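Colleague: what follows is a predicted structure for the sequence shown.
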Amino acid sequence: MALFADLVSVAKAPGGYTADIDPTWSVGNKVHGGALLAVIASAAQAAYLDDGGDPEVTPVVISAEYLGAPDPGHVELRTDVRKRGRTTSFVNVEAVQGDRVYVQAAVTLAQRDEGDERYAEPLPIDAMPPTPPAHALAWDPE
């Protein structure tokens with residue numbers, strides 16, 4: 001049985017990291033896209049931490065372009081810390097097998113919000129019931 005912790009385990013390598021993806025994380029004979037994004041997020045966070053980043057910061061957004069579907073097994077993860085900021089940081093990651101880039105991704109890292117919502121205020125639509133009341137006007141296409 002392949003554990004998720006094993007899936008997202010990356011090892012430092014020249015130019016980034018490597019991972020070994022078990023066939024359990026495949027659809028047919030190709031790695032599942034979501035599983036591959038989890039590996040990419042792990043590599044981005046490792047690169048950010050190796051660059052002196054805050055350990056409280058985690059991946060919060062990933063924008064990825066799938067250029068192909070890799071096979072299970074060894075994957076090279078080329079990383080580039082593009083920005084280390086006070087509130088957000090960015091790491092580019094390429095998932096490579098052989099000489100081919102299969103996924104290129106931009107990973108945004110930040111501290112997750114905790115506690116009450118900070119930017120929520122009631123709107124008039126919040127008071128509306130989910131279904132119209134009996135006295136509501138009916139819509140007539142004519």
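Modeller: Sure thing, it's come through. Numbering: from 1, shown residues only.

Colleague: longest helix anywhere in this structure?
Modeller: helix 33-50 (DSSP state H).

Colleague: run through who's touching that one.
Modeller: With contacts defined as CB atoms under 8 Å, 6 or more residues apart in numbering, helix 33-50 is touched by 4, 7-10, 12, 16-17, 19, 21, 25, 55, 57-59, 62, 64, 66, 69-70, 75, 77, 79-81, 84, 89, 91, 93, 95, 102-103, 105, 107, 109. Quick note: C-beta positions are derived from backbone N, CA and C, even for glycine.

Colleague: buried among those? Need that as a selection in ChimeraX.
Modeller: Under the burial definition 16 or more other CB atoms under 10 Å, those of the contacts of helix 33-50 that qualify are selected in ChimeraX by:
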select :7,8,10,16,17,19,21,25,57,59,62,64,69,70,75,77,79,81,84,89,91,93,95,102,103,105,107,109
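
Colleague: in the protein, which ranges drop under the pLDDT threshold?
Modeller: Along the chain, the model assigns pLDDT under 70 to residues 1, 117-119.

Colleague: measure the residue positioned nearest the centre of it to residue 23 for me?
Modeller: Taking CA atoms, centre = their mean, the centroid of the chain lies closest to residue 62, which sits 3.9 Å from it. Distance, residue 62 to residue 23, by CB to CB, to the nearest Å: 23 Å.

Colleague: next one: stretch 7-15 to chain centre, how far?
Modeller: 16 Å (CA atoms, centre = their mean, to the nearest Å).

Colleague: which SS class is residue 5?
Modeller: Judged by DSSP: H, G, I helix; E, B strand; the rest coil, the three-state class of residue 5 is helix.

Colleague: for it, give its distance to residue 84.
Modeller: In terms of CB to CB, residue 5 sits 26 Å off from residue 84.

Colleague: what residues are up against residue 70?
Modeller: Taking CB under 8 Å, 6+ apart, we find residue 70 in contact with 21, 30, 31, 36, 95, 97, 102, 103.
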